[in-house]
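> Attaching a predicted model along with its sequence, questions to come.
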Amino acid sequence: MSQPKPTSDKSPYFDIAEKYGVTIDFRPMIKVESLTPKEFRQQKVSILDHTAIVFTSRHAIDHFFNLCTELRVTIPETMKYFCVSETIANYIQKYTQYRKRKIFPGPSGKIEDLVPIMIKHKNEKYFVPMSDVHNDDIKNLLDQSKLQHHEVVMYRTVSNVFAPEELAGYDMMIFFSPAGVASLQKNFPNFEQKEVKIGTFGATTAQAVRDAGLRLDLNAPTEKAPSMTAALEQFLKEHNQ
């Protein structure tokens, strides 16, 4: 399972392992790290030239505040924060006091549904922390809404390092992002799938498996299996003798 081990013992993955007599190992194929202060400065954008920050993920929050500390940038109390969901908005409390007058959560987790809230504050100058792997969807959306904004790379996705023998003995590998598939190719350039099953979550991850010339045996979400745990349980019911 190419993601971190669940922090709760009540995770459905543990129930599946016990119910079907399988072993599930959690080993992230990728990790996210901050840019260095030097790399950030090369983009020639000042955080303090902006009056609002747009957060699309917890990663963005972590790396924004960590990099601000390394850059010795003190965020003013007047700074506003626009978050795609209530969950992400609550996560800001890890770094700054939650004040309703300066934190604006979106209703759905989608940037499209946050934009109408941002338009109500059209005079703000928006700073959007991004990963090195991104498309122009957010930029185009904010351009169309005639908002002042800068998208700035603050963190990147890199492959974890695996020893040559670490994949030996596994019957299935499950990926949650195209970057995980890329990490497999980087760490194991001579990987031969043979009887190993491959599962993915999301259409782009599934396509990355196909583009790598590998066989896709399990994909979620589907109408019958909206989560990876539901899809995995369906698969084991059918195939685990």
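Received the coordinates, thanks.
> Give me the domain ranges for the chain.
Domains of the chain are assigned by automatic domain parsing as 12-29+160-239, 33-157.
> any idea how far the shortest one is from the chain center?
What it means is domain 12-29+160-239. 17 Å (C-alpha atoms, centre = their mean, to the nearest Å).
> And for the last one?
Domain 33-157 has its average C-alpha position 15 Å from the chain's average C-alpha position, going by C-alpha atoms, centre = their mean.
> Show me where this structure has its strands.
30-34, 52-55, 80-83, 103-105, 125-131, 148-159, 172-175, 197-201, 218-220 (DSSP state E).
> could these go into JSON lines alongside mean neighbour count?
Any C-beta I mention is one placed from the backbone N, CA and C, and that applies to glycine too. Listed next are those as JSON lines, based on neighbours: other C-beta atoms under 10 Å:
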{"stretch": "strand 30-34", "mean neighbour count": "16"}
{"stretch": "strand 52-55", "mean neighbour count": "24"}
{"stretch": "strand 80-83", "mean neighbour count": "23"}
{"stretch": "strand 103-105", "mean neighbour count": "20"}
{"stretch": "strand 125-131", "mean neighbour count": "20"}
{"stretch": "strand 148-159", "mean neighbour count": "18"}
{"stretch": "strand 172-175", "mean neighbour count": "22"}
{"stretch": "strand 197-201", "mean neighbour count": "22"}
{"stretch": "strand 218-220", "mean neighbour count": "21"}
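> Select, out of the ones you listed, the one closest to G21.
Between G21 and the strands of the chain, the shortest gap by C-beta to C-beta is with strand 172-175, which sits at 14.1 Å.
> Which elements pack onto the closest one?
helix 178-187, strand 197-201, helix 203-211 (3 or more C-beta pairs under 8 Å, 6 or more residues apart in numbering; DSSP states H and E).
> so for that strand, what's the average pLDDT?
Averaging pLDDT along strand 172-175 gives 97.
> Run through this protein and note the low-pLDDT ranges.
For the chain, residues meeting the criterion pLDDT under 70 lie at 241.
> In a markdown table: the helices and strands packed on strand 172-175, plus distance to A220.
Below are the helices and strands packed on strand 172-175 laid out as a markdown table (distance: least, C-beta to C-beta, whole Å):
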| stretch | distance to A220 |
| --- | --- |
| helix 178-187 | 14 |
| strand 197-201 | 5 |
| helix 203-211 | 9 |
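> out of these, nearest to K146?
helix 203-211 (29.4 Å).
> Run the angle between that closest one and strand 197-201 for me.
On the basis of axes from the mean of the first three to the mean of the last three C-alpha atoms, to 10 degrees, helix 203-211 is oriented at 150 degrees to strand 197-201.
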